[in-house]
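In: output the structure for:
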Amino acid sequence: MIKYKFCPQCKTKLDLTGEYPYCSNCDLTIYLNSKPTASILLIDGDKVLLGKRAINPFKDEYDIIGGFLKNGEDPVTGVLREAKEETGLTVKITDLLGIYMDTYGKGGDYTLNIYYIGKIINGEMKASDDVAELEWFEIEDLPKPAFKNQEEVFKDLQKWYFSRGAEN
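Out: Numbering: from 1, shown residues only. Predicted coordinates for the structure are as follows:
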């Protein structure tokens, strides 16, 4: 997590006595917000597509397709972009699974993670960007996920699937 000591605009030493760092020279409050992410669980029958991470944190562990939103980016736009970057696929959102909190790696920034359910529309599946491999897993038998919040996401995915899976 970034620890501010000086103002990023004018380099004045910040007042760190309040809830947020404050620059009296610029009248700037630095809000320490969670970083937003958007991810998609692509479903095909009784399987979900996961990616093996090509980078740290948690290199070589399984992760849900998605990532950090760009500044000002709508989560729907961001998750469609991330899916295309990481898999080469055009996808469609079919449902919202939920919103979960976590941190990005050990001691990292807090994250606000939005998870969608989706399906593949078209394209040729190919791992790229920060994904080393793509693999289909049975929803009943999911691997250990890279990030702690994804343990809860996987449980919620299984609940969603078994309560609504017949509709897919």
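In: so how far is residue 28 from the residue lying closest to residue 58 once chain neighbours are set aside?
Out: Leaving aside its sequence neighbours, residue 58 sits nearest to residue 146 (CB to CB, 6 or more residues apart in numbering; 3.8 Å). (Each C-beta comes from the backbone N, C-alpha and C, glycine too.) As judged by CB to CB, to the nearest Å, residue 146 and residue 28 stand 35 Å apart.
In: now residue 102
Out: From residue 102 across to residue 28, the span is 28 Å (CB to CB).
In: ok, the two, which is more surrounded?
Out: residue 102 (19 against 16; other CB atoms under 10 Å).
In: ok, what's across the strand from the more buried one?
Out: residue 111 (DSSP bridges).
In: that one is in contact with residue 145, isn't it?
Out: No - taking contacts as CB atoms under 8 Å, residue 102 lies outside contact range of residue 145: 10.5 Å.
In: I'd assumed residue 85 was in a helix, is it?
Out: Yes - using DSSP: H, G, I helix; E, B strand; the rest coil, the assignment for residue 85 is a helix.
In: burial count for the nearest residue to it once chain neighbours are set aside?
Out: Closest residue to residue 85 in three dimensions, ignoring its sequence neighbours and counting by CB to CB, 6+ apart: residue 129, at 4.5 Å. Neighbours of residue 129 under the rule other CB under 10 Å: 14.
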